[in-house]
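*Asks:* any chance you can model this:
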Amino acid sequence: MKIDLLITGTGMFAGRIVLDLAATARVPINVMIAGRNQERLDWLRTAANARAKMFGTPTTVSSHEIDLREPRACSDLISSFQPSIVVQAASIQTSCVISSSRDSWGRLVAEGGLSATAVLQALISSRMAAAISSVSPQTHFINCCFPDVVNEMIVAMGHKVLCGTGNVAILSNIFEGAKSRHSLGEAPLRVLAHYQSLAPWREPADRRTGANPPRVFVANDEIGDVFGTFPDVRLTREPAIEVSGASGVTLIQALASSQAWAGHLPGPNGLPGGYPVKLDEHGNLSLNLPDGLCADEAVTWNRRHELKSGVTIDKTTVRFHGRLATCLGEAGFAHADGFDVSELENACQELEQVRDRLLADGN
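*Replies:* Reported below is the predicted structural model:
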């Protein structure tokens, strides 16, 4: 059985993608959603097919129960269904940690940064990338699990990844939809943003001073005061699933129909952070930077966020920096000084033990 699109995971992110795709698809697309929660799978399949009928779209959705934590799960899925596109949204770390500080793990993430979860986010995604490399290298792979950092790990492991979704696309789309956008004219916005660029927008406008803003260009002209230009924009403190999950839907449709597309994506071709990009009709993705901003400058700007407190990849070595490195060391993580990407599985297992102990400790 060959399918157009495989979506792995049954959480809010995967649900938003499949439900929005069912309501908006303009070309026929055969979707399978896979995960271990049978009740949730049944509902997403039922709701998505209902939405397809409701909105008159040529979308069909099926489901497949599988435990994605099993070592051969990803290979079995790729071998059995030969998907043209894989959207990987299954993780052993839930996104709700962003808004949780009631336990020791949540406080570590709040203090050291969300990159504390990068190794956990990479487990299933790295296995899926390896399965695609081995079984179906022509498949387009979209990793939704912390792509600003994890996609660079995947490439360091010798695999391909097209991009992620969300993060930079959250900001680019809320800026485009903001009331203050109208004063900037008709030229398209181009946004350079790391996932760490989101945090100030969860605060009221008067608390954003001093924070590092994203870089926003109107065509080729950079906005000097981004916070002052978009004072009406504010994110929820919870993951912005309503925008982030939806942001990949138009890209998926373009891939499925072999059409060109332009927008914003995190981790394109394994780069750190998020960029304006363009997709050609053959599925090739490239940066779409404003004149005067070269790729090296854009990559350096994104990477510096992780150098302050976060994770970078030096060839094949995963390195922790700043306050995050200190927090992980104090928590007893054996690989706080770094590890080779070939040791990801072991590092993930040890970090999971640290996390579970901190969750059990509570205060």
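*Asks:* the host helix or strand of residue 124 packs against which elements?
*Replies:* If you go by DSSP states H and E, residue 124 is part of helix 118-135. Where contact means 3 or more CB pairs under 8 Å, 6 or more residues apart in numbering; DSSP states H and E, helix 118-135 is packed against helix 73-81, strand 85-88, strand 140-143, helix 147-156, helix 344-361. Every C-beta, even on glycine, is put in place using the N, C-alpha and C of the backbone.
*Asks:* off-centre distance for the third one?
*Replies:* In terms of CA atoms, centre = their mean, to the nearest Å, the gap separating the centre of strand 140-143 from the centre of its chain is 10 Å.
*Asks:* CA atoms only for that strand - export them in CSV, please.
*Replies:* Output of strand 140-143 as CSV, limited to C-alpha atoms (Å, rounded to 0.1, in the frame of the first residue of the first chain):
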residue,chain,number,x,y,z
HIS,A,140,10.5,14.0,1.6
PHE,A,141,11.1,14.1,5.4
ILE,A,142,9.6,16.9,7.5
ASN,A,143,10.7,16.8,11.2
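*Asks:* what's it packed up against?
*Replies:* strand 85-88, helix 118-135, helix 147-156, helix 249-256.
*Asks:* hmm, who's touching it?
*Replies:* Strand 140-143 is contacted from outside by 84-88, 125, 128-129, 132, 150-151, 154, 159-165, 248, 251-252, 255, 267, 283, using CB atoms under 8 Å, 6 or more residues apart in numbering.
*Asks:* picking that back up, which residues touch the helix holding residue 124?
*Replies:* Residues outside helix 118-135 that contact it (CB under 8 Å, 6+ apart): 8, 68-69, 71, 73-75, 77-79, 86, 88, 90-93, 139, 141, 143, 145-146, 149-150, 153-154, 157-161, 310-311, 318, 344-345, 347-348, 351-352, 355.
*Asks:* show me the helices in the protein, by range?
*Replies:* 12-24, 38-55, 73-81, 104-112, 118-135, 147-156, 168-177, 226-229, 241-244, 249-256, 295-308, 322-330, 344-361 (DSSP state H).
*Asks:* and the angle from the third one to helix 118-135?
*Replies:* Spelled out, it's helix 73-81. 30 degrees (axes from the mean of the first three to the mean of the last three CA atoms, to 10 degrees).
*Asks:* kindly report the same for the last one.
*Replies:* Helix 344-361 runs at 150 degrees relative to helix 118-135, counting by the same axes, to 10 degrees.
*Asks:* just the angle for helix 344-361 relative to helix 147-156, thanks.
*Replies:* 150 degrees.
*Asks:* any weak-confidence spans in the stretch 201-350 of the chain?
*Replies:* Along the stretch 201-350 of the chain, segments meeting pLDDT under 70 span 210.
*Asks:* for residue 252, see how far away residue 55 is.
*Replies:* 16 Å (CB to CB, to the nearest Å).
*Asks:* could you do residue 90 as well?
*Replies:* Relative to residue 252, residue 90 is positioned 17 Å away (CB to CB).
*Asks:* what's the answer for residue 269, then?
*Replies:* Computed as CB to CB, the residue 269 to residue 252 distance reads 17 Å.
*Asks:* reformat the helices and strands packed on helix 118-135 as a markdown table; add mean neighbour count.
*Replies:* Converted to a markdown table, the helices and strands packed on helix 118-135 look like this (neighbours: other CB atoms under 10 Å):
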| stretch | mean neighbour count |
| --- | --- |
| helix 73-81 | 20 |
| strand 85-88 | 26 |
| strand 140-143 | 25 |
| helix 147-156 | 27 |
| helix 344-361 | 16 |
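*Asks:* any idea which of those scores lowest on pLDDT?
*Replies:* Per-stretch mean pLDDT for those is lowest at helix 344-361 (a mean of 93).
*Asks:* so what touches it?
*Replies:* Counting by CB under 8 Å, 6+ apart, 92-93, 103-105, 108, 119-120, 122-123, 126, 153, 157, 318, 328, 331-335, 339 sit against helix 344-361.
*Asks:* derive a PyMOL selection command for the buried subset of those.
*Replies:* Under the burial definition 16 or more other CB atoms under 10 Å, those of those that qualify are selected in PyMOL by:
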select buried, resi 92+93+103+104+105+108+119+120+122+123+126+153+157+318+328+331+333+335+339
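*Asks:* work out which residue lies at the spatial centre of this protein.
*Replies:* Central residue check for the chain by CA atoms, centre = their mean: the C-alpha nearest the mean position is that of residue 144, 3.5 Å away.
*Asks:* next up, the contacts around it.
*Replies:* Contacts of residue 144 by CB under 8 Å, 6+ apart are 9, 13, 14, 17, 87, 88, 89, 164, 165, 166, 248.
*Asks:* what's the spacing between the residue lying closest to the fourth one once chain neighbours are set aside and residue 119?
*Replies:* Which is residue 17. Closest residue to residue 17 apart from its sequence neighbours, by CB to CB, 6 or more residues apart in numbering: residue 245 at 5.4 Å. Look at residue 245 and residue 119: by CB to CB, they are 23 Å apart.
*Asks:* beta-bridge partners for the closest residue to residue 222 other than its chain neighbours, please?
*Replies:* Leaving aside its chain neighbours, residue 222 sits nearest to residue 215 (6.4 Å; criterion: CB to CB, 6+ apart). Listed by DSSP bridges, the beta-bridge partners for residue 215 are residue 192.
*Asks:* could you pull up the contacting residues of residue 215?
*Replies:* Contact analysis of residue 215 by CB under 8 Å, 6+ apart lists 191, 192, 193, 222, 226, 301.
*Asks:* for residue 242, same thing?
*Replies:* Taking CB under 8 Å, 6+ apart, we find residue 242 in contact with residue 16.
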